[in-house]
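A.B. asks: Please work out how this folds:
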Amino acid sequence: MSGSGPMNLFDIAGRAMSAQLVRLNATASNMANAGNVSGTAEGAYRAVKPVFTSVTQTPGIATVKVDDVVTTSAQPAKRHDPNHPLADANGDVWEAAVDTNAELIDMVETARMYQNNVQVLNTAKSLMMETIRIGK
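C.D. replies: Residues are numbered from 1 along each chain as shown. The predicted model follows:
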């Protein structure tokens, strides 16, 4: 097969699914760390996000790749809790800089995008199998 056609479709969908898995793993890490506290602002967890880049395979056909996973600039929230074992001399702790609502939305969106690519692959596979069956 040439560079275009069904194999390209499988490659494009596969790369998109791989990128969505990175995004889902970042969201899972953020959710797992939401609510964690630290004794310093610098030590507090900050959400991470993947950075995607469009990759053109052939003219008119592009896919996506993960360029990097970066720490967001979100700032941890300071909370006065003098009884917390990690509290500093002022009795303050810093909560992880994670917006759980935004993370849940990302998780649902990512799962939908992944499922859409699974559907594309299943449809392409079915069409190829039907073409083979007809050709016999």
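A.B. asks: Please state the offset of the longest helix that the chain contains from the chain centre?
C.D. replies: For the chain, the helix with the greatest residue count under DSSP state H is helix 100-135. How far helix 100-135 lies from its chain's middle: 16 Å, per C-alpha atoms, centre = their mean, to the nearest Å.
A.B. asks: Going forward, the N-terminal residue is numbered 139.
C.D. replies: With 139 as the first residue, the last one maps to helix 238-273.
A.B. asks: Which strands or helices does it pack on?
C.D. replies: Helices and strands touching helix 238-273, by 3 or more C-beta pairs under 8 Å, 6 or more residues apart in numbering; DSSP states H and E, are helix 144-171. Using the backbone N, CA and C atoms, a C-beta is placed for each residue, glycine as well.
A.B. asks: Quick one: distance of the helix it packs on to the chain centre.
C.D. replies: That offset, for helix 144-171, works out to 6 Å (C-alpha atoms, centre = their mean).
A.B. asks: What's the first helix or strand after that helix?
C.D. replies: strand 175-176 (DSSP states H and E).
A.B. asks: residue ranges with poor pLDDT in this structure?
C.D. replies: 139-145, 195 (pLDDT under 70).
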